[in-house]
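K.L.:
Okay, here's the prediction I keep looking at, along with the sequence it came from:
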Amino acid sequence: MRIGVLALQGAFREHLDVFRGLGLEAVPVRLPSDLAGLSALVLPGGESTTMRRLIERWGLRGPILEMARQGAPIFGTCAGMILLSKEIVDGEEPVLPLLDVSVKRNAFGRQLDSFEADLQVPMLGDAPVHGVFIRAPVIDRVGDGVDVLARLDDGRVVAVRERNVVATAFHPELAGEARFHRVIATMAGAFDEPGEGAGRRRHPTRRAAAR
Ligand code: GLN
């Protein structure tokens with residue numbers, strides 16, 4: 001299994017470190033050719049406007065959408081969550097509209113520009129997740145097919161999942177939190193080795209080459 005982390009800008013090294021710390025192979029992605037054969041892709045935090053431009057410039061948009069369509073797990077943190085949202089409130093056009101949510105950039109006023117919070121994430125067990133929020137977005141609207149994974153105490157949604165796409169408004173990778181990465185790795189394993197009847201059409205070239 002090889003997991004890719006989009007490495008155009010932002011906090012990508014920390015994601016690579018978390019996966020490597022779990023004993024997994026993780027590689028930076030800068031070009032469409034880097035996506036070949038990946039089992040999952042992370043879109044890190046950073047600055048979503050800059051990342052949007054670089055995704056367009058390097059021709060990554062179509063290939064990432066195709067990878068997601070095939071069912072590969074995609075994990076976005078902070079700016080990565082913005083890139084994955086179908087609607088950016090009062091903002092630009094969507095980039096990789098894979099999550100049926102509306103996202104609001106820089107949703108926390110100046111006083112709370114950056115903060116940390118312990119969150120209950122039932123999917124990850126009882127121990128709270130320590131989330132680092134840095135000029136973080138928040139999710140305003142959640143579509144029907146979207147599971148809410150975590151909320152702040154005031155009820156605002158800060159982590160979601162829709163099928164193979166997971167996103168957090170915060171940075172788990174900056175807090176030594178590896179459980180989201182483990183979930184992504186488990187999903188990546190299922191993508192690599194589909195059960196009988198899963199009906200998946202992935203990586204025909206890789207399969208053919210293995211024969
Ligand atoms: N504020 C940034 C944006 O809107 C996101 C911040 C982050 O990724 N830590 O793109």
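P.N.:
Yep, it's here.
K.L.:
which parts of the protein sit against the ligand?
P.N.:
45, 46, 47, 48, 78, 79, 82, 105, 106, 134, 135 (CB under 6 Å from any ligand atom). Glycine gets a C-beta too; all of them are placed from N, C-alpha and C.
K.L.:
go with 8 Å
P.N.:
10-11, 44-51, 77-80, 82, 105-106, 133-137, 171 (CB under 8 Å from any ligand atom).
K.L.:
Now, the residues you listed that are in strands?
P.N.:
Secondary structure from DSSP state E places 77, 133, 134 of those in strands.
K.L.:
Neighbours of residue 155, how many?
P.N.:
7 (other CB atoms under 10 Å).
K.L.:
circling back to that earlier point, which of the residues of the chain next to the ligand count as buried?
P.N.:
Neighbour counting with 16 or more other CB atoms under 10 Å marks 10-11, 44-46, 48, 51, 77-80, 82, 105, 133-137, 171 as buried within those.
K.L.:
If you rank every helix and strand of this structure by mean pLDDT, what lands last?
P.N.:
When each helix and strand of the chain is scored by mean pLDDT, DSSP states H and E, helix 204-210 comes last, with a mean of 45.
K.L.:
List the residues that contact residue 113.
P.N.:
Contact partners of residue 113, counting by CB atoms under 8 Å, 6 or more residues apart in numbering, are 134, 135.
K.L.:
So what sits opposite residue 43 in the bridge?
P.N.:
Here residue 43 sits in beta bridges with residue 76, going by DSSP bridges.
K.L.:
does residue 55 count as helix, strand or coil?
P.N.:
helix (DSSP: H, G, I helix; E, B strand; the rest coil).
K.L.:
how close does the closest residue to it other than its chain neighbours sit to residue 86?
P.N.:
In space, and not counting its chain neighbours, residue 55 is closest to residue 61: 5.4 Å by CB to CB, 6 or more residues apart in numbering. According to CB to CB, to the nearest Å, residue 61 and residue 86 sit 15 Å apart.
K.L.:
Lovely, talk soon.
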